[in-house]
Structures are given as structure tokens and as C-alpha cells.
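Have a look; sequence and predicted model below, questions after that.
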Amino acid sequence: MWIGFCVSFLLCLGCIVLAKFFGIGVDFIVAKKPQKFHQQNISRLGGVGIFVGFIVLFLLNFPFNLSNILIFLGLSVVFLAGVLEDVLEILSPRVRLFIQLLGIIILLSSGVGLITNLLPLAMLPWYWGVAFSLFGILGVCNAINIIDGLNGLASGIALIVFAAIIFVAFGREIDFVYRIAQMAIVVILGFYVLNFPFGKIFLGDGGAYFLGTLIAFLLGVLSDHGVSAWFGLSVMIYPVWEVIFSILRRKIKGQKAMHPDGLHLHSLLFKINRNNSFSALLLVCLYACYVFLVLVCVDNTIGFMWASFCFCILYMVFYIYLYKKYKKIEAGKVGI
């Protein structure tokens, strides 16, 4: 496993050098992005180290058969959708969405990861299961990208979710999922030590898309082995609800649903305390506590559903509190 960490870490270092001396894959401070909080040019190619480190471990630890080849190709195509945008910044959202869908279709063609059991709500026929799985993986893929705004936030949440997946997979002796999640944690750590707390490199779209897709795929494989699909929602509820809530509040304000803004939960928290790493650490720690309670106290489908519902309520209470505090701060600045 140490090979994956080293590959991830060294490639991330290389990407930092490419950004500094050659301007490749840089998130520039002059870029007009409402969700931008950094004060210097930073490499946004952290996903390269994570992806390549993972692929090295995958090829070393799993046999070369058709199913694994399709998993490899599917994840590669999804990663490509993000890394091309990280380097070139010319792909429209529709083009990226198309490439992501292509990668997810290839991934599901491996024969695993299809979700059909949504009991107690429904048991889906296979064709609806395909549609639901495509939509679900695509949503999680982009949900990780939505919360990627602070040093260590998206990658920290991913580490928590992969740890939860390991906990469940180990208990049920689902070796494939257990080993894949282990690999993911190792390569994320190779990036994490450079990203948190000082933000020497960012995850980028490539890294966010790859991690989101891998998480959703593994949760689908767990579902194949009898783990409730609602477990997946309960441990991924923060990024998933962030997307849903963001769309709703934008629609209420008459804005485009996917129009970027600086009013996400993590954005408000940062604007109030002006400390990037502390804001990320606070959210990661709070979410770790929630996921721990889910794993320890909840052991049935209804419990997972209630856990997700309770999280959404607490999220909105916390969001309203932060939003009101932010507005008071802004009003004070205007008064000055």
C-alpha cells in the first residue's frame, strides 16, 4: 500500500512544480470564481496523484479480467472529464456530463454496482435500476465537487466515507470493496498531506469526479451484497444534500440551478471566521461524529433513512444560523 501513497505524494509534488514554473493546471487568483478563497496561484491537479496512485495499486492487486478492465476504463473516463477541465478549462458542463455518463456506463458494464433494491420504498426492475444507478453515481460524482472549496474538506469527507465503507465491508467480509476502499484512503493521504492545512495543491475536478464516482460505485457493490442502499445515502448525505439544497435555494431566488455562488455551507463558515483550514476541520470533525453515530447506533434501513432526514434538518438549522450571522457582518461592513 505504501507504493500508492508514494506515487500519489510524488505526483502531487510534481504537479505543484508544473504549476509554479510552467503554469500548467493552475487555479489562478485572478479567476473570477465566487467560491474561490485562496490568495495565490495553486495547482488544481491533485487528482492526478490520487488517480494514478490508485490505478497502480489496482493493477498490482487485482487480476486482469474483463470486469476489472471495465472498472479501470470507466473510472479513467470519468477522471478524464475532470482533468481535461483542470488543464484546459474549455469543456462546457454538458460535455463534462456526457463524458461522465460514458464512464459510468462502462463502469456498470462490469456487472457490479447496479442498485435495484430501494426497499422499503421500491424494488426496481433492472432497466429502472440502470437509470437510477446512472443518476445516483452521476450525482455523487458531482456532489464531491460541490463541497470542494476549503483545504481538506472534500478529501476529508471522502476519507470518512471510505472508512465507513471499510467498516461495513470488513464486517460482512466483502473483500473486493474492503481492499478498494483501503487503496482509496492510502492515495488520498498522499494528496492530503500537501492539501491540508496549507493548501499547496487542490483536488481539482478530476480528483473530485474520480473520488465521487468510486464512492458511489463501492456503495452500489455493497448493495449487491445485501447492504441497504439507504446506508449509502446516510454516509453521503452531506455532499448530496449540499447539492439538493443549493439547487432549491437558487431556484427560490430565481437563479440558474447550477450557477456557482459563494453561499454554500462551507463558504459561509469561512466568510464568518476567515480561517480556511479551521472551517474545513470543523466540518470534517462534525461529519465524522455523525457518521460514527450512524455506524454504531443504526443497523437497519429505517434507521439509515431517519439518520439522513435528521442530518438534513440539522444542516438547515446550522445553515440559517450561519447565513444570518454572515448577513449581520455584511451589514456592518456596509455601515462602515
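Cool, the structure landed.

hey, let's count contacts and neighbours off CA atoms from now on
Noted.

May I have stretch 218-231 as CSV, with CA atoms only?
What follows is stretch 218-231, C-alpha atoms only, in CSV (Å, rounded to 0.1, in the frame of the first residue of the first chain):
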residue,chain,number,x,y,z
LEU,A,218,-18.5,0.9,-4.0
LEU,A,219,-21.8,1.7,-2.2
GLY,A,220,-23.5,0.1,-5.2
VAL,A,221,-21.4,-3.1,-4.8
LEU,A,222,-22.2,-3.1,-1.1
SER,A,223,-25.9,-3.1,-2.2
ASP,A,224,-25.2,-6.1,-4.4
HIS,A,225,-24.1,-7.9,-1.2
GLY,A,226,-27.2,-7.1,0.8
VAL,A,227,-26.2,-3.8,2.4
SER,A,228,-29.1,-1.3,2.3
ALA,A,229,-28.8,1.3,-0.4
TRP,A,230,-30.0,3.7,2.3
PHE,A,231,-26.8,3.2,4.1
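
what's in contact with it?
With contact meaning CA atoms under 8 Å, 6 or more residues apart in numbering, stretch 218-231 is reached by 112-115, 117-118, 133, 165, 169, 174, 177, 181, 232, 300-301, 304-305.

For it, buried residues please.
Across stretch 218-231, burial judged by 16 or more other CA atoms under 10 Å covers Leu218, Leu219, Gly220, Val221, Leu222, Ser223, Asp224, Val227, Ser228, Ala229, Trp230, Phe231.

Just confirm the fifth one is within a strand.
No: for Leu222, which was evaluated using DSSP: H, G, I helix; E, B strand; the rest coil, the result is helix, with no strand membership.

before we move on, back to that, might you specify the subset of the contacts of stretch 218-231 located within strands?
Asn117, Leu118 (DSSP state E).

Mark which of the contacts of stretch 218-231 are buried, thanks.
In the contacts of stretch 218-231, the ones that pass as buried (16+ other CA under 10 Å) are 112-115, 117, 133, 165, 169, 177, 181, 232, 301, 304-305.

Give the residue spans of the stretch 201-336 of the chain that score low on pLDDT.
Along the stretch 201-336 of the chain, the model assigns pLDDT under 70 to residues 257-258, 333-336.

quick one, what contacts Ser8?
With CA under 8 Å, 6+ apart, Ser8 has these contacts: Val48, Gly49, Ile50, Phe51, Val52, Gly53, Val187, Ile188, Gly190, Phe191.

what's the neighbour count on Pro93?
Residues near Pro93, counting by other CA atoms under 10 Å, number 12.

Might you report the residue contacts of the nearest residue to Met123 once chain neighbours are set aside?
If the residues on either side of it in the chain are set aside, Met123 comes closest to Asn117, at 4.9 Å by CA to CA, 6 or more residues apart in numbering. Contacts for Asn117 (CA under 8 Å, 6+ apart) come out as Met123, Leu124, Ser223, Ser228, Ala229.

What is the nearest of those residues to Leu75?
Using CA to CA, Ser223 is the member of these that sits closest to Leu75, with 19.2 Å.

for the stretch 1-150 of the chain, what spans make up the strands?
Shown for the stretch 1-150 of the chain, the strands assigned by DSSP state E, counting those that start in this stretch span residues 26-27, 42-43, 117-118, 122-123.
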